[in-house]
Each structure stands twice: as C-alpha cells, then as structure tokens.
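# Sequence and predicted structure below; questions after.
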Amino acid sequence: MSGTWMTTRAWLLMLPLLVVMVAVIGWPLVDTVGLSFTDAKLVGTGGNFVGFDNYSNMLSNSNFSRTLVTTTLFAVVSVAAEMVIGVVAALLLNQQFRGRAVLRALMILPWALPTVVNATLWRLIYNPEYGALNAALTQLHLIDAYRSWLGEPGTALAALIVADCWKNFPLVALIALAALQAVPRDITAASLVDGAGPFNRFRFVILPYLAGPLMVALVLRTIEAFKVFDIIWVMTRGGPANTTRTLSILVYQEAFSFQRAGSGASLALIVTLLVTLLAVAYAALVRKTAGSAA
Amino acid sequence: MERRSLAFTIFIHACALLLAAIILAPIAWLFIMSISPAADLAAKPLRWWPQVADFSRYQQLLSTAENSAGAAFTASLRNSLEISGMATLAALALAIPAGWAVSRTPAIGWSLSMVIATYMLPPVALAVPLYMGLSHLGLLNNVFGLALVYLTILAPFTTWLMKSGFDSIPREIEAAAMIDGAGLFQTLRIITLPLAAPVMATSALFALLLAWDEFFYALLFTSDQRAKTLTVAIADLAGGRVSDYGLIATAGVLAALPPVLIGLVMQRALISGLTSGGVKG
C-alpha cells in the first residue's frame, strides 16, 4: 500500500473529529476574536467596529488587575498546597501499615465527587448559622462566636482554597504514588548503605522519579486553577466585595450578566492568552525536567 | 530492608488515621446531613449524629409527583443521564477512528496536537458565540444542544486516550491479519477493536465523568426542566432559599453516587489512564 493512500485514509478517519472541532471550537474562537473588536451586545444585531477599545478599556480597568491578582493567588496557593500535601500523602501511602489498601481506595472519593457537589458540601460546612466548621470550632473552644467564613473578605478566598485542595490533592497523591512504586528498591537500599539521610534520600534518590509525573500534574492543575469558575460560582459568586472574583467569573459577569458580548470577548481572549503563555512556559520547564531526569 | 522502630510504626499509623479522617469526614458529614432531621441540623450545639435516621428526603427527591421538589430533581437527573450518554457516545464515535488514524499514521499527529491544545482554552472564550449559535439553531435549553457543546471537552480527551491505547497494540498483529487476506475494516473489527475494548471502556468512563461534572455550559445554555442538568439543579438548591440543608445534602449524595461508584470500581483503570498518557507526555 502506498504512503500517500495511507495518509489520505488517515485524514479521512480524522475528518469527522476535525469537522466537529471546527464547528464547536474553531468557529466560536474566531467569532470571539471578531466580537472582541465590536461593541456588540449579547442579544440583538452585531455591534459597531471599535478597534482595540475593548482591550484598552479592560486592561486599564482596575477590576481586571484586581481580578488577575485574585486568580493568581488562588492558583498558586491551591496548586502549591495540593502538590505538597499530595506528595506527603503519597510517601505515607507507600509505607507499610494496616488498612493501606482501603485508604488508597478512599483517595479516589474526593476526586470522583462532582465539583458542584464538593462546592455545595463546603458551602454547607462553612454556613454562618448552622455550619459544621463553626460548630466544631466552638465546641473545641477555638472560637467564641460563629463566623461567616464565606461572607467575610478576610477568610472567603482561604475557605475556597481549602475546599479546592481537599478535592484535588488526592489525585496528585495517586499520581505520585504510582511514580513512587516505580522507584527500584535496590536504589533506595543502596542509598541507605551509602548513609543518605531521609531528606537527601528524598531529594536525590526519590524526587527524580517523581519529577516527570508531578510536572505534568502541576501543569494541568495550574491551567485548571487559572480557569476556575464552578467552585467559586457555587460557593461565593465572586463575593464578598469581589474578593474571590476570578478571571472566568469576571468574563461571565461582563458577557452574560451585563450582556456586553464585545468587551466580554476581549476579556476572554486576554485570559486565553495568559493561559497559553503559562502553558508555553511550563512546556519549556517540562522539557528541561525531562532532560535532567534522563 | 529498612528496620522500623516501634515509634516510627506508631507515627505512620497515626498519620494514616489523620489522612483517612481528612478524606472521610466531609463525605460522611454530607451523608449524615442528608439523614438528620432538620431540627438536629439547626440545633446549637450541633447534633453530630441523628437520633433517628430520616431517609424521607431521598423519597421526596426521587418522587415524580407534579410540581414537587422531586419533579425538578428527577427531570434534571434524566437530563444529566441523557446528555452525558449522548455526548459520550458521540465522543467515542469521533475518537476511535481518529485515535487509530493518528496512532498508525504519525505524519498527521500534529492535527491531534492542535485538537488537544484546545484544552487550554477557557470555556468563557467560546461561550458567547456558542450561545448565539445555539440560539440561532433553536438549540438553547435543549439536551441535544448541550450534548453537542460537551464535545468541546470530551472529544479531545477521549481521542488522546484512544490514541495511547492503540499505540500499545502492535501494528504487526494487524499486518498479519491483512496478509491472511482480511480487509482493513475486517481487521479492525476482528482484531484491533476487541483488543482496544478496555481502553474504549476507560475512555467512555472518563467521558461520562467529565460530562456528569460539567457546570459552566449547562448554567449558560439551559433554563428549565427541559434541559437543566443535575449540577445546575444542585447549584440552584444551594444558592436558593431552601431552608432545609438536609435536602441540599441529599441532592448532593444522589448526584455523587454514580461517579463515586464508577471511581471505586474502576479505580485501577482510571489511575493508569490518567498516569500513562501523562508520563509518556
């Protein structure tokens, strides 16, 4: 069979996927780019061409910079915490203890819980009048009066980060555990003979095996955290006083609550650009990690 | 082997207990809330364990009596099942041929890379044109419309999984069948697809989980019982004026049950699916 026919056949088999992807992703993306240069409203006829006005308005708006800071804070803190807690949990699950298989199976639970259910669950836990957190802390005499964890600007973002971490650290743990189990026993044994302490053993013997899989988890989690919408929408809708408003929430408000499709589109593309830059930077980092681990 | 002191053994067990508590406490509390009488949940100090288990909320939510809380809930349950099912079948129908093609013809691999790169796009970047397009086609607030939109999430992911699955099936097996006189589609049907069945099952489960979990598009593109999904129904309950927190918890338990069962039963396959592709990059 000739090479060209093989390639033609492969394209024919790809075609249905490509057609659908162009229809549901390619065309909308191009349309978003077009919209971003107009003052179109969500309903009604297409707006007028306004050049880069939407972009310059958005970028100079203090809402945007504030939201960017909030999003970065959310992404950095929750992903860092998920990585650290996940690796510690994986090191623990790699030890011998009774009930290890059961505990390992339980780790899948937070990951499998739908995001909206997780958000609802934590919203109930943080409830200012009847929530379990207030009840527990009061009964342990750690606080005197019930607090509104999601209603106070000082605690809302932290409360969201805890809820997000609880759902996502087990996945990091399971990925790290799978990598840990690939570390040859001879190597850890040899490092013991050579007198490596626990820290050096982790840093120089075990961590190189974890680096690749953890980098992938780090990239995917960071991109997801940067795009976060669901958990915040259900728990705080960006409040109180916009202290938990992330970029996706801001775009939603602009395009759908205020029905300004044009400026919403420009904001969405700015977010897309930021996520792309992040991914490109990470890809370079992954390549470097892969190079040094090999 | 490393010899462990008694203190270290105790320390490890204590840490394991702590981890188990962290994982289980919130989930257990969701279930306890769902079976606690409303008075217990509003009591101060809070009653952590119900005096009598009250399962009436499950009955209430699963009843289909007209205009009840149950009618709205069961409608959204049915919508979620229909939309996830349709989107998963459609995603697999696109992913199986495409995944095989890329696996056997690396020259066209760049097209799959482009499809996968769309993962970086925040859904908000597509939402406005999709909204206008669905509205134009009369597919807003429609299960078919939402299932179509879900392909933006499901199709790239399942294609990527199917491609790594086909990669692990040696092409020599296919070549041997063809030498024995089987045509291409016969070879695929008799040899390749049966060997790829486990990967197809894993892909289908991932697709189901993703579709079941989806919230953003469902929030934007549905408005009533004709198409509202479970995630939107639960967010409505949580954000609305429902005074019985136990009812919200019950809806959460019911919505979590299918993915949690899938997760527990398919744990091994799901984790290898997540790590294998990731490690290979």
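Received, thanks.

# Run through the residues that contact A:T115.
By Cβ atoms under 8 Å, 6 or more residues apart in numbering or on different chains, the contact set of A:T115 is A:K167, A:D230, A:I231, B:D213, B:F215, B:T231. The way it works is simple: take the backbone N, C-alpha and C, and place the C-beta from them, glycine included.

# Could you dump those residues into JSON lines with distance to B:Q51, neighbour count and secondary structure added?
JSON lines is the format used below for these (distance: Cβ to Cβ, whole Å; neighbours: other Cβ atoms under 10 Å in any protein chain shown; DSSP: H, G, I helix; E, B strand; the rest coil):
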{"residue": "A:K167", "distance to B:Q51": "31", "neighbour count": "25", "secondary structure": "helix"}
{"residue": "A:D230", "distance to B:Q51": "35", "neighbour count": "21", "secondary structure": "helix"}
{"residue": "A:I231", "distance to B:Q51": "33", "neighbour count": "25", "secondary structure": "helix"}
{"residue": "B:D213", "distance to B:Q51": "35", "neighbour count": "22", "secondary structure": "helix"}
{"residue": "B:F215", "distance to B:Q51": "36", "neighbour count": "23", "secondary structure": "coil"}
{"residue": "B:T231", "distance to B:Q51": "33", "neighbour count": "26", "secondary structure": "helix"}
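
# Which member of those is positioned nearest A:M215?
Comparing the contacts of A:T115 against A:M215 with Cβ to Cβ places A:K167 closest, at 21.0 Å.

# From the chain's centroid, how far away is the strand or helix carrying B:P259?
Here B:P259, judged by DSSP states H and E, is contained in helix B:245-265. Mean-position distance between helix B:245-265 and its chain equals 12 Å (Cα atoms, centre = their mean, to the nearest Å).

# so B:M120 touches A:L274, yeah?
No: look at B:M120 against A:L274 with Cβ atoms under 8 Å: they stay out of range, at 10.1 Å.

# so where's chain A uncertain?
Along chain A, segments meeting pLDDT under 70 span A:1-2, A:45, A:290-294.

# Could I get the contacting residues of the spatially most central residue of it?
Geometric centre of chain A, nearest residue: A:A225, 2.3 Å, by Cα atoms, centre = their mean. A:A225 sits next to A:F74, A:A75, A:S78, A:V79, A:D164 when contact means Cβ under 8 Å, 6+ apart.

# mind redoing it with 6 Å?
A:A75, A:S78, A:V79 (Cβ atoms under 6 Å, 6 or more residues apart in numbering or on different chains).

# for these, which one is nearest chain B?
Distance ranking of those against chain B, using Cβ to the nearest Cβ, places A:A75 first at 12.5 Å.

# okay but the closest one is in contact with A:E224, surely?
No: at 8.7 Å, A:A75 does not count as touching A:E224 under the criterion of Cβ atoms under 6 Å.

# Mind checking which of those two has more residues around it?
Set side by side, A:A75 and A:E224 show more neighbours around A:A75, with 23 against 17, by other Cβ atoms under 10 Å in any protein chain shown.

# For B:L94, which non-adjacent residue is closest in space?
Excluding its sequence neighbours, the residue lying closest to B:L94 (Cβ to Cβ, 6 or more residues apart in numbering or on different chains) is A:L17, at 4.3 Å.

# Tell me which helix or strand that neighbour sits in.
A:L17 belongs to helix A:3-21, assigned by DSSP H and E.

# Could you tell me the angle between the very next helix or strand once past that helix and helix A:3-21?
Downstream of helix A:3-21, the first helix or strand assigned by DSSP H and E is helix A:27-35. Computed by axes from the mean of the first three to the mean of the last three Cα atoms, to 10 degrees, the angle separating helix A:27-35 from helix A:3-21 equals 60 degrees.

# what packs against helix A:27-35?
The contact analysis (3 or more Cβ pairs under 6 Å, 6 or more residues apart in numbering or on different chains; DSSP states H and E) places helix A:27-35 against helix A:261-293, helix B:124-137.

# from those, which stretch is densest packed?
helix B:124-137 (a mean of 21; mean count of other Cβ atoms under 10 Å in any protein chain shown).

# and the following helix or strand past that one, anywhere near chain A?
Going down the chain from helix B:124-137, the next helix or strand is helix B:143-167, by DSSP H and E. Yes: using Cβ under 6 Å from any Cβ of the partner chain, helix B:143-167 comes into contact with chain A via B:L151, B:T152.

# Going by neighbour count, which residues in helix B:143-167 are buried?
The neighbour-count check on helix B:143-167 (16 or more other Cβ atoms under 10 Å in any protein chain shown) flags B:143, B:145-167 as buried.

# now it: how far from the chain's centre is it?
12 Å.

# Which single helix of chain B contains the most residues?
If you go by DSSP state H, chain B has its longest helix at helix B:69-104.

# For the residue nearest in space to the middle of chain B, list the residues it contacts.
What sits nearest the mean C-alpha location of chain B, by Cα atoms, centre = their mean, is B:L209, with 1.0 Å. Neighbour list for B:L209: B:P259 [criterion: Cβ under 6 Å, 6+ apart].

# would you say it is within a helix?
Yes: counting by DSSP: H, G, I helix; E, B strand; the rest coil, B:L209 falls inside a helix.

# roughly how far apart are it and B:G263?
In this structure, B:L209 and B:G263 are 8 Å apart, going by Cβ to Cβ, to the nearest Å.

# Just give the number of residues close to the nearest residue to B:F73 once chain neighbours are set aside.
Spatial nearest neighbour of B:F73, excluding adjacent residues (Cβ to Cβ, 6+ apart): B:L61 at 4.6 Å. B:L61: 23 surrounding residues under other Cβ under 10 Å.

# And the helices and strands packed on helix A:27-35: which comes nearest A:T246?
Closest to A:T246 of the helices and strands packed on helix A:27-35, according to Cβ to Cβ: helix A:261-293, at 9.5 Å.

# what helices or strands is the closest one leaning on?
Under the contact criterion of 3+ Cβ pairs under 6 Å, 6+ apart, helix A:261-293 touches helix A:27-35, helix A:53-60, helix A:207-226, helix A:247-252, helix B:124-137.

# Got the domain ranges for chain B?
As recorded under automatic domain parsing, the domains making up chain B are B:1-54, B:65-280.

# mind putting those domains in TSV, mean pLDDT included?
Formatted as TSV, those follow (pLDDT from 0 to 100):
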stretch	mean pLDDT
domain B:1-54	89
domain B:65-280	90
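
# Which one of those domains lies nearest to A:V172?
That would be domain B:65-280 among the domains of chain B, by Cβ to Cβ, at 10.8 Å.
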